[in-house]
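[1] sharing a sequence plus its predicted fold:
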Amino acid sequence: MIIDVGDKCVECKNDTSFGSGRFVNRIPAGNDEFDGYLCTECRLMTCEICNEEVVEYGGYNNMIVCDDCNPEE
């Protein structure tokens, strides 16, 4: 059974509601246990070229790369 956690992040369980400081960049998300949102901090991935943590990323040659490092952009 999937539990609706409302405005909480499904990963870190931090509040993502309006006024929390995490509202603007949250995205709807769910996993095997919870349904709610994903905060920016939990969305961060590390670019495999520049090693910067980024929210906007894509794939290139089976790597996670930021938009700045992606030669296909």
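    Happy to help now that I have it.

[2] my guess is Glu41 contacts Cys12. True?
    Yes. The criterion here is CB atoms under 8 Å, and Glu41 meets it with Cys12 at 6.8 Å. C-beta: built from backbone N, CA, C; applies to glycine.

[3] against Glu56, how distant is the nearest residue to Cys69 once chain neighbours are set aside?
    In this structure, Cys69 finds its nearest non-sequential neighbour in Ile49, 4.1 Å apart by CB to CB, 6 or more residues apart in numbering. Counting by CB to CB, to the nearest Å, the gap from Ile49 to Glu56 is 14 Å.

[4] in the helix or strand where Gly6 lies, what's buried?
    Using DSSP states H and E, Gly6 maps to strand 3-9. Going by neighbour count (16 or more other CB atoms under 10 Å), the buried part of strand 3-9 is 5, 8-9.

[5] elements contacting that strand?
    In terms of contacts (3 or more CB pairs under 8 Å, 6 or more residues apart in numbering; DSSP states H and E), strand 3-9 is packed against strand 34-38.

[6] helices and strands around the strand it packs on, which ones?
    If contacts are counted by 3+ CB pairs under 8 Å, 6+ apart, strand 34-38 sits against strand 3-9, strand 27-30.
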